[in-house]
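Engineer: pasting the sequence and the predicted model now:
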Amino acid sequence: MARGRGSASTGGAARLAAALVVGVLVMGAPLAEAAATYMVGDYGGWKFNVARWAKGRTFRVGDVLVFNYNRAVHDVAVVNAAAYRSCVVPRGARVLRSGRDRVKLGRGTHYFVCAVRGHCQAGMKIAVRAV
């Protein structure tokens, strides 16, 4: 007796088994987390004494920091650890001045200070680590 295309004894069972395996693999795969956007300093924005703002927060690669500030009196310099500690912005550092700057985080620790004289020393600086 010849078997037709719809026979369950050949390819049909194999296809069903393959679909079940794919389904189990997909269900067990971790879901990708969407990047988060953080307003530095929360509603107060980028201001004096903002250094503690990042404490207790977990930042991930791809997250975005938004620096809102009055650009007539502040800025945001992207610096290294030594410049962060000393509050001395090195020549050639990237300085943001729009008043609504967005920075996407890569893996590692990122340091930001206000480059206006005396502002970093007054606590206008943050360090964030993205994992």
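Structural biologist: In hand now; what should we look at?
Engineer: ok, the residue nearest to Leu105 when sequence neighbours are not counted - how many residues close by?
Structural biologist: Distances taken as Cβ to Cβ, 6 or more residues apart in numbering place Ala130 nearest to Leu105, at 4.0 Å, with adjacent residues excluded. Yep, even glycine has a C-beta here, placed from its N, CA and C like the rest. By other Cβ atoms under 10 Å, 17 other residues sit near Ala130.
Engineer: what about Val88, how many residues close to it?
Structural biologist: Counted with other Cβ under 10 Å, residues neighbouring Val88 total 13.
Engineer: also the one 3 residues further on?
Structural biologist: Here the count is done by other Cβ under 10 Å, and Arg91 has 4 residues near it.
Engineer: against Ala83, how distant is it?
Structural biologist: Separation of Arg91 from Ala83 (Cβ to Cβ, to the nearest Å) stands at 11 Å.
Engineer: what's the answer for Arg71, then?
Structural biologist: To Ala83, Arg71 is 21 Å away according to Cβ to Cβ.
Engineer: quick one: which of those two has more around it?
Structural biologist: More crowded of Arg71 and Ala83, by other Cβ under 10 Å: Ala83, with 19 against 14.
Engineer: so the more buried one, which of the three states?
Structural biologist: Three-state call for Ala83 (DSSP: H, G, I helix; E, B strand; the rest coil): helix.
Engineer: change the start of the numbering to 9 and stick with it
Structural biologist: With the count now opening at 9, the last piece we talked about shows up as Ala91.
Engineer: what are the bridge partners for Arg108, then?
Structural biologist: Beta-bridge pairing for Arg108 (DSSP bridges): Asn76.
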